[in-house]
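**Student:** here's a sequence, model it:
(4 chains)
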2 protein chains.
Amino acid sequence: MADVILKSGETPDRPHGRTGRLIAEPLSVDDRPEITFVELLFFAYRDFISDPDTVLAAYGFGRAHHRVVHFVNRHPGIRVADLLDILNITKQSLGRVLKQLIDGGFIEQVQGPQDRRQRLLYPTESGRALALRLMAPQERRIAEALDSLSPEERKGAELFLRQVVDGDQRDMVARLIGQ
Amino acid sequence: MADVILKSGETPDRPHGRTGRLIAEPLSVDDRPEITFVELLFFAYRDFISDPDTVLAAYGFGRAHHRVVHFVNRHPGIRVADLLDILNITKQSLGRVLKQLIDGGFIEQVQGPQDRRQRLLYPTESGRALALRLMAPQERRIAEALDSLSPEERKGAELFLRQVVDGDQRDMVARLIGQ
DNA sequence: AAAAATATGTCAACATGGCTGACGTAATTT
DNA sequence: AAATTACGTCAGCCATGTTGACATATTTTT
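**Tutor:** Residues are numbered from 1 along each chain as shown, chains lettered A, B, ... in the order given. The predicted structure follows:
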């Protein structure tokens, strides 16, 4: 039982005679200004990924499917290994959702022309349509957010996000996104 | 079996005689400039949350514990219901990780002084130490990212993230973060 | 005073999407 | 011929989210 609930008569600082065990002083933005961005990243991302969930639910898919559909549409003919690198997951994890997407007719595999061990992934027309439907609310959200920013402020938002990416991944990300 | 693997002799556009079923044209940033931010948010957040994982593993904790420890440290005395609002999860989900954090001595509950139904959550000294350890690499990452930005660019990064948050949540987020 | 609403906790069952480890197969490289 | 590579699969585990139902203490409303 963790049911040690202190009574209200005892101040948090000196509960039950256990002097000084509890801390009432908040971690403050004044002391640590980076907290602002730590929390903004949390809240912004929380809401940003909630957009496509309604659409996904209608297909019986989850966020993992979204990520796969997105990057296959962004890079038709991508190799499985490269997709794994982007998503930072194991092939077993990818395997499950990929199978469902293939069975559902959203993605197809093509044997690699030079190296026939490769299974290159392409979206079908439904797969492309799904990707666009999933991204639409996110594009709207981003566009509205950028609307209120000056050109330099927009540049700042982009630069900031690029710098938050791991140093040894920045080149790869830049290549993936393109100019 | 979904083992319909097209042979390499067939172009992706006309595989197996199924004319036009596959799409070889990438979704492009040129057509949809917001994709840049969609993907930057994905990659930035992916790396940003990977920071504390090593620390968490040492304690046998996961990312859910991190979020709880963080917000309890930011708002000592927070009510369970308010924590649920911030995290957007169910009380059952919270219950599990909260119990572990209480059992481990990182968080304690105090009965509400006015309303004795409430269980106000406070960090212990270990809980505060854990929160700081978890946030340290993220603060470093943010500080380095901001280093390369001008003041207006920094403002842009912050404004952008604030605008990405759901419109009806912005005030709450602003209040939670403070000036 | 009784009834209703609130804050919280708990039990049980289930789904998603990560993970590891082991093994198999086809194709390519050495 | 042997080793490596690219990929797939089976099996099981774990973390963390969900819903639904119900219990308890406390406060608010009637």
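**Student:** most proximal residue of chain A with respect to DNA strand C?
**Tutor:** A:Gly62 (1.5 Å; C-beta to the nearest atom of the strand). For glycine as for every other residue, the C-beta is placed from the backbone atoms N, C-alpha and C.
**Student:** with adjacent residues omitted, what lies nearest to that residue?
**Tutor:** In space, and not counting its chain neighbours, A:Gly62 is closest to A:Leu56: 6.2 Å by C-beta to C-beta, 6 or more residues apart in numbering or on different chains.
**Student:** hang on, isn't that neighbour packed against A:Val68?
**Tutor:** No: using C-beta atoms under 8 Å, A:Leu56 is not in contact with A:Val68; the gap is 11.7 Å.
**Student:** quick revisit: measure how buried the residue nearest to A:Gly62 is and give me the count.
**Tutor:** Residues lying near A:Leu56 (other C-beta atoms under 10 Å in any protein chain shown) number 19.
**Student:** for the host helix or strand of it, C-alpha coordinates in CSV please.
**Tutor:** If you go by DSSP states H and E, A:Leu56 is part of helix A:53-59. Taking Å, rounded to 0.1, in the frame of the first residue of the first chain, the C-alpha atoms of helix A:53-59 are listed here in CSV:
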residue,chain,number,x,y,z
ASP,A,53,-6.2,10.3,-35.5
THR,A,54,-9.8,10.7,-36.5
VAL,A,55,-9.0,9.8,-40.1
LEU,A,56,-6.9,6.9,-39.0
ALA,A,57,-9.6,5.5,-36.7
ALA,A,58,-11.9,5.3,-39.7
TYR,A,59,-9.5,2.9,-41.4
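**Student:** on contacts alone, who are the packing partners of the helix or strand in which A:Ile102 is found?
**Tutor:** Assessed by DSSP H and E, A:Ile102 sits inside helix A:91-103. Counting by 3 or more C-beta pairs under 8 Å, 6 or more residues apart in numbering or on different chains; DSSP states H and E, the packing neighbours recorded for helix A:91-103 are helix A:63-74, helix A:80-87, strand A:107-111.
**Student:** need those in CSV with distance to B:Ser93, can you?
**Tutor:** Formatted as CSV, those follow (distance: least, C-beta to C-beta, whole Å):
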stretch, distance to B:Ser93
helix A:63-74, 16
helix A:80-87, 24
strand A:107-111, 32
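**Student:** to A:Ala129, which of these lies closest?
**Tutor:** Shortest separation from A:Ala129 across the helices and strands packed on helix A:91-103 is recorded for helix A:63-74, at 9.8 Å, computed as C-beta to C-beta.
**Student:** do the closest one and chain B meet?
**Tutor:** Yes: interface with chain B: helix A:63-74 contributes A:67, A:73-74 (C-beta under 8 Å from any C-beta of the partner chain).
**Student:** neighbour-wise, which one of those residues leads?
**Tutor:** Most neighbours among these, by other C-beta under 10 Å: A:Asn73, with 26 neighbours.
**Student:** got a list of what the residue lying closest to that one once chain neighbours are set aside touches?
**Tutor:** If the residues on either side of it in the chain are set aside, A:Asn73 comes closest to A:Ala131, at 3.9 Å by C-beta to C-beta, 6+ apart. Residues in contact with A:Ala131 (C-beta atoms under 8 Å, 6 or more residues apart in numbering or on different chains) are A:69-70, A:72-73, A:123, B:27.
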